[in-house]
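Peer 1: the sequence isn't on hand, but the structure is:
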């Protein structure tokens, strides 16, 4: 069963939620504030975070922003405020759902099941070294900073990260890029795209570690 992290400074609410979710078969950890919550999150990432907006040593918006800098784990905000601006702010920092106090435990359990189901059906986030690629958003990140790629550069990176450790021939790459561009991709053009891509994703493009050249055969992406 899924692991739930509750970050809530009201010990009564945190305790009752923990007991209820454990009775539903979930593994549950609790933290009273921002610092402890992020420590537990980083120590062992949960499957879902229940996050209060108001915390003694910070606020839920900051916690959600920190989580979203490195993870797509579902976050559900718990708040006593039904203010629309507060709700919008929660979604803007990456919340998956928002539920106002007081709420019925069974409703919360249904919301948890819903976000877990949505996440499990979403395309898998691809990782290699310090690069992540989210196919559902066409989003590429390097060291938690967005990398802006052209359509062909993105398609090229997606091909490599979808096949870690596998040799990808130049012919196969040309076929993939031709499909997306509608024009034939020759060796010289492929060399240009590989250089552009490496300039954006490699720490040292002259000595690549994410996508290595296999001379005379093609390329191979490092295994994550």
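Peer 2: All right, it came through fine. Computed from a predicted structure; not experimentally measured. Numbering: from 1, shown residues only.
Peer 1: counting by contacts, list what the strand or helix carrying residue 168 packs against.
Peer 2: Using DSSP states H and E, residue 168 maps to strand 167-169. Counting contacts by 3 or more Cβ pairs under 8 Å, 6 or more residues apart in numbering; DSSP states H and E, strand 167-169 is packed against strand 218-221. C-beta here means a position set from N, CA and C on the backbone, and glycine is covered the same way.
Peer 1: note down every partner strand of the strand it packs on and its orientation.
Peer 2: strand 167-169 (antiparallel), strand 211-214 (antiparallel) (DSSP bridges).
Peer 1: and the shortest one, average pLDDT?
Peer 2: Okay, so that is strand 167-169. Averaging pLDDT along strand 167-169 gives 91.
Peer 1: got it, and the longest one?
Peer 2: Throughout strand 211-214, pLDDT has a mean value of 94.
Peer 1: neighbours of the residue lying closest to residue 22 once chain neighbours are set aside, how many?
Peer 2: Nearest non-adjacent residue to residue 22, counting by Cβ to Cβ, 6 or more residues apart in numbering: residue 28, 5.4 Å away. For residue 28, the count of nearby residues is 19 (other Cβ atoms under 10 Å).
Peer 1: hang on, the earlier thing: of all the strands paired with strand 218-221, which one comes closest to residue 42?
Peer 2: Counting by Cβ to Cβ, residue 42 lies closest to strand 211-214 out of these; the figure is 28.7 Å.
Peer 1: next, the buried residues of that closest one.
Peer 2: Counting neighbours by 16 or more other Cβ atoms under 10 Å, one finds that the buried residues in strand 211-214 are residue 211.
Peer 1: what's the first helix or strand after the lowest-mean-pLDDT helix or strand in the chain?
Peer 2: Across the helices and strands of the chain, mean pLDDT, DSSP states H and E gives its lowest value to helix 170-181, namely a mean of 68. Note on helix 170-181: by DSSP H and E, the next helix or strand toward the C-terminus is helix 187-201.
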